[in-house]
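Peer 1: return atomic coordinates for the entry below.
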Amino acid sequence: MITQENVSGVFSDCDVVVEAFDRVMYKTMIVESYFSSGKLVVSASGLGGWGNSDDITVSQINKNVYLIGDFVTEVNEKIPPISPRVNIAAAKQADVILSYVLDR
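Peer 2: I've put the predicted structure just below:
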């Protein structure tokens, strides 16, 4: 289990940190912990529901931090993460990571 106490060591040997949690508190913990680390951080937000898949975009926050999603549609009991939107975001995350690795 990742906690505030151990998060900085969990990915210490990794060049890339991919955040793929459903809960905002974990998303925030990962991104804030690695924001200035120099590691590539790729996070997703706003993947709930269905339709409007063109609203899922890639935003570069700084040199090494990218956020992917519509940044609006929160996952909850009434708006679950449905496969098409999750897969689109995952593909965009993979593309950011692949570009980073191949362009190094």
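Peer 1: need the residue closest to the centroid of the chain.
Peer 2: The chain has Ser43 as the residue nearest its centroid, 1.4 Å off, counting by CA atoms, centre = their mean.
Peer 1: pretty sure that residue is in a helix, no?
Peer 2: No - Ser43 is assigned strand when assessed by DSSP: H, G, I helix; E, B strand; the rest coil, not a helix.
Peer 1: packing partners of the longest helix seen in the chain?
Peer 2: What stands out as the longest helix in the chain, according to DSSP state H, is helix 83-102. If you count contacts as 3 or more CB pairs under 8 Å, 6 or more residues apart in numbering; DSSP states H and E, helix 83-102 packs onto strand 16-18, strand 40-44, strand 57-62, strand 65-69. No exception for glycine: its C-beta is placed from N, CA and C like everyone else's.
Peer 1: next up, the contacts around Gly38.
Peer 2: With contact taken as CB atoms under 8 Å, 6 or more residues apart in numbering, Gly38 is in contact with Asn64.
Peer 1: for it, helix, strand, or coil?
Peer 2: State at Gly38, reduced to three classes by three-state DSSP: coil.
Peer 1: phi, psi of it?
Peer 2: The phi and psi torsions at Gly38 (degrees, to the nearest 10) take the values phi 90, psi -10.
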